[in-house]
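>>> Sequence plus predicted model, see below.
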Number of protein chains: 2
Amino acid sequence: MRDSNREWVFAERPDGEPDMDSFELHESDVPEPEHGQVLVRVRYLSVDPYMRGRMRDAESYAEPWDVGDAMNGAVVGEVVESESDAYDTGDLVTGNGTWADYTVLDAGDVAPVDPTIADLPAYLGVLGMPGRTAYFGLLEVGEPNPGDTVVVSGAAGAVGSVVGQIAKLNGCRVVGSAGTDEKVEWVTDDLGFDAAINYRDVDDYRAALDDVAPDGVDVYFDNVGGPLTDAVFTKLNLDARVAVCGQIAHYNEEGVPTGPRKLPQLIAPRARVQGLLVSDFAPRFTEATEQLATWVASGDISHRETVVDGLENAPEAFLGLFSGDNIGKQVVGVSE
Amino acid sequence: MRDSNREWVFAERPDGEPDMDSFELHESDVPEPEHGQVLVRVRYLSVDPYMRGRMRDAESYAEPWDVGDAMNGAVVGEVVESESDAYDTGDLVTGNGTWADYTVLDAGDVAPVDPTIADLPAYLGVLGMPGRTAYFGLLEVGEPNPGDTVVVSGAAGAVGSVVGQIAKLNGCRVVGSAGTDEKVEWVTDDLGFDAAINYRDVDDYRAALDDVAPDGVDVYFDNVGGPLTDAVFTKLNLDARVAVCGQIAHYNEEGVPTGPRKLPQLIAPRARVQGLLVSDFAPRFTEATEQLATWVASGDISHRETVVDGLENAPEAFLGLFSGDNIGKQVVGVSE
């Protein structure tokens, strides 16, 4: 065990595209758990697009970080000191902790991790918040029916890759959009998507969609926004459902982004567009995690994590989300 | 009875703002009803914003007019010749006919009109398609709860004026937007809206809404689009519902209108935005019309029609919809 701790601190609010100036690595003593808490040696920490929202000085669904706050999010690690009856030293757990070598978690907010079901990084992806977001977002907001055409943006991301596979399990035709040929190959060859487009190779998004979604779009699961989304809205079928999970293309824009107006396009198909936050489904998280674990164990759902090694590289891993560096879930490996 | 008929024909597809070039008045013989039909002398005909969509050469929810087609829409009139057992000469009826002195209707598509409940023009407004649109759009898409703040654009229009009153009957705080001081006074003084803004007097829509909807927006019933809608989307409360009924501000725009992107604004409030067409509720039209007639009879719902007299002025009445000439339902008086 190290005798000091390193922890990333939010150093400066970014204006537009964030860079390293927003992060400072602080050295401190290893924290001590109080009654009901556990000290966790972090194995992997999660970097997620929603964290960009926490960098803004505006109330939103996730509390904004104040300058000087420790960066925090989902982590997986090993209990190295326990002041709780619920966990012993050596237990593997997941919860919300800081970007650090060691983090203190309330035992009540921690869930056990079973490494025989999946490797630890999967607990930050398909078996973590992104997997549950895909599960509830697709099934409860997208409401797919067998035979539907489901389009997923960010198809090779932590959420999109799971959305597409659950849609396939529900008998849908699944079309993905991703930003590299490698991602396109992964989702079509390994994940079973019926088709995918590399949006960086596309000039005419509408024409590209006409090729891969000739029968129009019944469900659109949007993680990205931007011109692909604009094109999808011109192809919505009667009673189409759009789950707005993320809009990563717009998170770093300064001011209010503009684009084609979409409300006029909703009337003829009577389409429904709905914002989605996984936290609304918290009472059903166990159901989702169990189902996802079953699918992972059976091989019905494949998953992949992109691991950047070293706590010191956590900001870089976060920034890489906005250039699409990750295939599957982006995590940071903090310790072995 | 006249011995000839006049009928408006769709003469030219407009590009952008329509003008008189799109309309030609043709003279012809009075048509003759066939078996199962009635010949109706038109008393009032309806001009509606949705007709702008029928002028486009594009499939949509309402079939596009071909150049040379008779203009058509809802009418109220008197049966002057009947080839149906269901109606006698002298009966007052409503149905979809042509913009003409005389029009032939299938008896099966016609509904009787009771002038003791309301004057004939009301059967094209509060007791016609606009009233049913308000009823189902607000109750089934907007899903208002007591105490909700409901914002209605086009508040003094045929649909909006009914939406606001039904929302009041459901215990909501109702805020309208309209384009003249006279309209603002009508909806607040006569219809019972809690507040209304004259959007033509407003520079900062967001600030204006902050004044009249200080607790944010739970339901937005949008008939208009444009900058007010943009401002409303910045004020959506948790689980807000947006019913997209019309977007009249954009109907005459050439190309695809642009504006602030709205999808990023839906995530934090988990708002739902849904396109609305009254025809989806056809199996329940009787329920709606009966309820609306009850409310009209009891005085719970007030209504108003703007009448332009003379079949020859029908195009002008239609074009006036886009400059907001009407208060309440715009109709054309064709015969006494």
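Looks like it came in fine.

>>> who does the residue nearest to A:Leu266 when sequence neighbours are not counted bridge with?
In this structure, A:Leu266 finds its nearest non-sequential neighbour in B:Gly275, 3.4 Å apart by CB to CB, 6 or more residues apart in numbering or on different chains. For the C-beta atoms, the positions are set from N, CA and C on the backbone; glycine is no exception. Partner residues in beta bridges with B:Gly275, using DSSP bridges, are B:Val244.

>>> At which residues are the helices of the stretch 201-336 of chain A located?
Assigned by DSSP state H, counting those that start in this stretch, the helices in the stretch 201-336 of chain A fall at A:205-212, A:226-232, A:263-267, A:285-298, A:314-320.

>>> Tabulate the ones you listed (a markdown table), appending mean pLDDT.
Shown next, in a markdown table, are the helices of the stretch 201-336 of chain A (pLDDT from 0 to 100):
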| stretch | mean pLDDT |
| --- | --- |
| helix A:205-212 | 98 |
| helix A:226-232 | 97 |
| helix A:263-267 | 96 |
| helix A:285-298 | 96 |
| helix A:314-320 | 97 |
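
>>> Quick one, which of those helices gets closest to B:Ala297.
Closest of these to B:Ala297 is helix A:263-267, at 31.6 Å (criterion: CB to CB).

>>> just the residues of the stretch 151-300 of chain A that are near chain B, which are they?
Counting by CB under 8 Å from any CB of the partner chain, the residues of the stretch 151-300 of chain A close to chain B are A:222, A:225, A:229, A:244-247, A:250, A:256-264, A:266-277, A:280.

>>> among these, which ones are buried?
The neighbour count (16 or more other CB atoms under 10 Å in any protein chain shown) marks A:222, A:225, A:229, A:244-247, A:250, A:257, A:259-264, A:266-277 as buried among those.

>>> how close does the residue most central in space within chain A sit to A:Arg241?
Nearest residue to the geometric centre of chain A (CA atoms, centre = their mean): A:Pro130, 4.2 Å. Distance of A:Pro130 to A:Arg241, given as CB to CB, to the nearest Å: 20 Å.

>>> Likewise for A:Asn96?
From A:Asn96 to A:Arg241 the distance is 30 Å (CB to CB).

>>> Neighbour count: the two, which is higher?
A:Arg241 (24 against 15; other CB atoms under 10 Å in any protein chain shown).

>>> any idea which helix or strand carries the closest residue in space to A:Arg284 that isn't next to it in sequence?
Spatial nearest neighbour of A:Arg284, excluding adjacent residues (CB to CB, 6+ apart): A:Phe136 at 7.2 Å. In the assignment (DSSP states H and E), A:Phe136 maps to helix A:129-136.

>>> what's next to that helix, contact-wise?
Helix A:129-136 is touched from outside by A:46, A:48, A:74, A:124-125, A:157-163, A:166, A:245, A:276, A:278, A:280-281, A:284-285, A:288-289, A:291-292, A:329, with contacts defined as CB atoms under 8 Å, 6 or more residues apart in numbering or on different chains.

>>> Show me what counts as buried in it.
Result for helix A:129-136 [16+ other CB under 10 Å]: buried residues A:129-136.

>>> Direction included, what does the helix or strand just after that helix pair against?
Counting by DSSP H and E, the next helix or strand C-terminal to helix A:129-136 is strand A:149-153. Applying DSSP bridges, strand A:149-153 is found paired with strand A:173-178 (parallel), strand A:217-222 (parallel).

>>> now these as JSON lines including distance to B:Ser60 and mean pLDDT?
Shown next, in JSON lines, are the strands paired with strand A:149-153 (distance: least, CB to CB, whole Å; pLDDT from 0 to 100):
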{"stretch": "strand A:173-178", "distance to B:Ser60": "25", "mean pLDDT": "98"}
{"stretch": "strand A:217-222", "distance to B:Ser60": "17", "mean pLDDT": "98"}
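
>>> Which one of these lies nearest to A:Phe318?
Nearest to A:Phe318, of all the strands paired with strand A:149-153, is strand A:173-178, at 19.5 Å by CB to CB.

>>> mind checking how far A:Val273 is from A:Gly246?
Distance, A:Val273 to A:Gly246, by CB to CB: 14 Å.

>>> hang on, A:Ser153 packs against A:Phe221?
Yes. Counting by CB atoms under 8 Å, A:Ser153 touches A:Phe221, with 7.3 Å between them.

>>> Comparing these two, which residue is more hemmed in?
Ranked by neighbour count (other CB under 10 Å), A:Ser153 and A:Phe221 place A:Phe221 first, with 32 against 27.

>>> rewinding a little: what residues do A:Ser153 and A:Phe221 have in common as contacts?
By CB under 8 Å, 6+ apart, A:Ser153 and A:Phe221 have these common neighbours: A:Gly160.

>>> need the contact list for A:Gly328.
Contacts of A:Gly328 by CB under 8 Å, 6+ apart are A:125, A:156-158, A:161, A:186, A:303-306.

>>> gap between it and A:Ala243?
From A:Gly328 across to A:Ala243, the span is 20 Å (CB to CB).

>>> these two touch, right, A:Arg270 and B:Asp280?
Yes. A:Arg270 is within contact range of B:Asp280, at 6.4 Å (criterion: CB under 8 Å).

>>> Reformat the contacts of A:Gly328 as a markdown table; add neighbour count and pLDDT.
Formatted as a markdown table, those follow (neighbours: other CB atoms under 10 Å in any protein chain shown; pLDDT from 0 to 100):
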| residue | neighbour count | pLDDT |
| --- | --- | --- |
| A:Gly125 | 30 | 98 |
| A:Ala156 | 28 | 98 |
| A:Gly157 | 32 | 98 |
| A:Ala158 | 31 | 98 |
| A:Ser161 | 32 | 98 |
| A:Trp186 | 22 | 98 |
| A:His303 | 23 | 98 |
| A:Arg304 | 18 | 97 |
| A:Glu305 | 23 | 98 |
| A:Thr306 | 19 | 97 |
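
>>> and which of those residues is nearest to A:Arg41?
Using CB to CB, the contacts of A:Gly328 come closest to A:Arg41 at A:Glu305, 19.2 Å.

>>> which non-adjacent residue is nearest the closest one?
Nearest one to A:Glu305, counting by CB to CB, 6+ apart, is A:Pro121 at 4.0 Å.

>>> Tell me which residues touch the one you found, please.
Residues near A:Pro121 by CB under 8 Å, 6+ apart: A:44, A:76, A:305, A:307, A:329, A:331, A:333.

>>> what about the second one, how many residues close to it?
So the one you mean is A:Val76. Counted by other CB under 10 Å, the residues lying close to A:Val76 total 28.

>>> From the chain's centroid, how far away is whichever strand or helix holds it?
According to DSSP H and E, A:Val76 maps onto strand A:72-82. Taking the mean of its C-alpha atoms, strand A:72-82 sits 19 Å from the chain's own mean (CA atoms, centre = their mean, to the nearest Å).

>>> next one: stretch A:161-178
16 Å.

>>> Now that stretch: buried residues?
By neighbour count, with 16+ other CB under 10 Å as the criterion, the buried positions of stretch A:161-178 are A:161-168, A:170, A:172-178.

>>> Check stretch A:94-108 too.
So, applying 16+ other CB under 10 Å, buried residues of stretch A:94-108: A:94-95, A:97-105, A:107.

>>> Can you name the residue of the stretch 101-250 of chain A nearest chain B?
A:Gln247 (4.4 Å; CB to the nearest CB).

>>> was I right about that residue contacting A:Glu253?
No. Look at A:Gln247 against A:Glu253 with CB under 8 Å: they stay out of range, at 9.6 Å.
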